[in-house]
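*Asks:* Using only what follows, build the 3D model:
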Amino acid sequence: MKLEISDWEIMPYAEAWNRQTEWFDVLVCAKQAGEEYVNHIVLCEHPHVYTLGRSGKEGNMLLSDEQLGRIGATLYHIDRGGDITYHGPGQLVCYPILNLEEFSLGLKEYVHLLEEAVIRVCASYGIAAGRLEKATGVWLEGDTARARKICAIGVRSSHYVTMHGLALNVNTDLRYFSYIHPCGFIDKGVTSLQKELGREVPMEEVKERLCKELRDFLLS
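*Replies:* Purely as a prediction, here's the structure:
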């Protein structure tokens, strides 16, 4: 079993999407051919960008193309599940490109694993996070009127190989979420590690903690 971790640092979304797709296609082809392959966990940050998933509604983007340009952001229609979300500096994006069969995981179990890894990272900072019924991702006070999302999750799977993944708000500028209905919700908020803790959080530290949790789950 080969699992490699790559840090692409800050990379434009289109470039990261193309590179991720290449690795995904290589893994799918190698798996089908019975050849050796490498599973990947990719970490990165993106310049300001919004992505709309296959089942997303255009109306959840509240800005025109001209207005997007004014705030220095772009919009991409992409091939993951889920609705609209935001990526930007200070947000940790993680793209696992994995053969789930090699890890004895179904798709629902895999999404649960991603959520659990983030829940444990939050717990390591003293933040109680959890799940919200019928709402993928990681939430704080999910069953109250103060429900707020700290991590969005959206994946694509083909031949039990995954791409896309999770976006954890670390030191994210949360104002950019006000221009959308995040993940299609109009009655719930968003938050970040920085907002909850009242201080900036070292990104490298969060990367290390997230990678440890993912490795522990996948390789145990």
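*Asks:* could you pull out the strands for the protein?
*Replies:* 3-10, 39-45, 49-52, 74-77, 84-87, 91-97, 130-132, 135-140, 148-158, 161-169, 189-190 (DSSP state E).
*Asks:* pLDDT weak spots in the chain?
*Replies:* Residues of the chain meeting the criterion pLDDT under 70: 182-187.
*Asks:* 80 instead?
*Replies:* 1, 55, 81-82, 142-144, 182-188 (pLDDT under 80).
*Asks:* export the strands of the chain to TSV and tack on mean neighbour count and distance to Leu218?
*Replies:* Any C-beta I mention is one placed from the backbone N, CA and C, and that applies to glycine too. TSV is the format used below for these (neighbours: other Cβ atoms under 10 Å; distance: least, Cβ to Cβ, whole Å):
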stretch	mean neighbour count	distance to Leu218
strand 3-10	13	7
strand 39-45	21	8
strand 49-52	22	25
strand 74-77	14	28
strand 84-87	25	24
strand 91-97	24	8
strand 130-132	16	20
strand 135-140	22	18
strand 148-158	22	15
strand 161-169	25	12
strand 189-190	20	28
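*Asks:* Reformat these into JSON lines and put distance to Leu210 next to each item.
*Replies:* Converted to JSON lines, those look like this (distance: least, Cβ to Cβ, whole Å):
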{"stretch": "strand 3-10", "distance to Leu210": "10"}
{"stretch": "strand 39-45", "distance to Leu210": "8"}
{"stretch": "strand 49-52", "distance to Leu210": "20"}
{"stretch": "strand 74-77", "distance to Leu210": "24"}
{"stretch": "strand 84-87", "distance to Leu210": "16"}
{"stretch": "strand 91-97", "distance to Leu210": "6"}
{"stretch": "strand 130-132", "distance to Leu210": "17"}
{"stretch": "strand 135-140", "distance to Leu210": "12"}
{"stretch": "strand 148-158", "distance to Leu210": "10"}
{"stretch": "strand 161-169", "distance to Leu210": "7"}
{"stretch": "strand 189-190", "distance to Leu210": "18"}
